[in-house]
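Trainee: Provided below for reference: sequence and predicted model.
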Amino acid sequence: MSEWLLRAWEVCPLAHYRCIAHLVALAAHAKVENTEHYDRLRAACTHRLVSLITRNSPPSTSPIDGPSAPARTHEIRDLISWMLLVNPSADVDLFQSLGNLQNALQCLNAAPAALAASGEYDRRRSDFLGMKAEIVLQVCFRYGLHLLRQRKHKMVARVMLEQSKALLMRQ
């Protein structure tokens, strides 16, 4: 948790104020070693921080008013959960990247359907997916070898398969 805070303060100096409810819950679950709830709360805490970063910085492109494309409200949270499965500290070095991804998602969701003809929606979608791919690759490159050495990759893969089934059912 201390590493999380140190990195969070780099992008949001008031993170301990703004994420207090999540941090208190995290500490309580860490103290009683409830890893299932801890992991879920850690993802929620990082998602909260990413939302704060996004609100405090202007989007990379201006959202255009109009009917929204289908919102992907859980996409960032699902990515954070995935990252934490690969490594419990995978989020701390990528707060800014996650904030940029959240901005790209907001721009994508704000694009009206009319932009599809001009190619703007496709460009925004491509930007979003490229940023997401970059984050996934960074996590894989940083932590993949460690997983293989500890022989945890099969267990992580099994858990990810179960989670992916749940995500598909949700959609």
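Mentor: Arrived safely. All of these numbers come straight from a predicted model, not from anything done at the bench. Numbering: from 1, shown residues only.

Trainee: give the residue farthest from the middle of this protein.
Mentor: Ala117 (29.8 Å; C-alpha atoms, centre = their mean).

Trainee: and that residue, what's its pLDDT?
Mentor: pLDDT, Ala117: 71.

Trainee: show me where this protein has its helices.
Mentor: 2-11, 15-18, 20-31, 35-56, 75-86, 95-110, 115-118, 120-149, 153-170 (DSSP state H).

Trainee: contact partners for the residue lying closest to Val50 once chain neighbours are set aside?
Mentor: Nearest non-adjacent residue to Val50, counting by C-beta to C-beta, 6 or more residues apart in numbering: Leu98, 4.4 Å away. C-beta here means a position set from N, CA and C on the backbone, and glycine is covered the same way. Leu98 is in contact with Thr46, Val50, Ile53, Ile76, Leu79, Ile80, Asp91, Ile135, counting by C-beta atoms under 8 Å, 6 or more residues apart in numbering.

Trainee: okay, now the fourth one: neighbour count?
Mentor: Going back to what we said before, that points to Ile76. 23 (other C-beta atoms under 10 Å).

Trainee: I'd like to know how far it sits from Leu105.
Mentor: For Ile76, the distance to Leu105 equals 6 Å [C-beta to C-beta, to the nearest Å].

Trainee: what's the separation between Leu49 and Lys152?
Mentor: 26 Å.

Trainee: so for the two, which sits in the more crowded spot?
Mentor: Leu49 (24 against 14).

Trainee: doesn't Ala8 make contact with the more buried one?
Mentor: Yes - at 5.5 Å, Leu49 counts as touching Ala8 under the criterion of C-beta atoms under 8 Å.

Trainee: identify the contacts common to these two.
Mentor: Ala15, Cys19, Phe95.

Trainee: show the pLDDT at the closest residue to Tyr38 other than its chain neighbours.
Mentor: Leaving aside its sequence neighbours, Tyr38 sits nearest to His29 (C-beta to C-beta, 6+ apart; 4.1 Å). Reported pLDDT at His29 in the predicted model: 85.

Trainee: who touches His29 in this structure?
Mentor: Thr35, His37, Tyr38, Leu41 are the contacts of His29 under C-beta under 8 Å, 6+ apart.

Trainee: pick the one among the residues you listed closest to Gly144.
Mentor: Gly144 has its nearest neighbour among the contacts of His29 in Thr35, at 21.6 Å by C-beta to C-beta.
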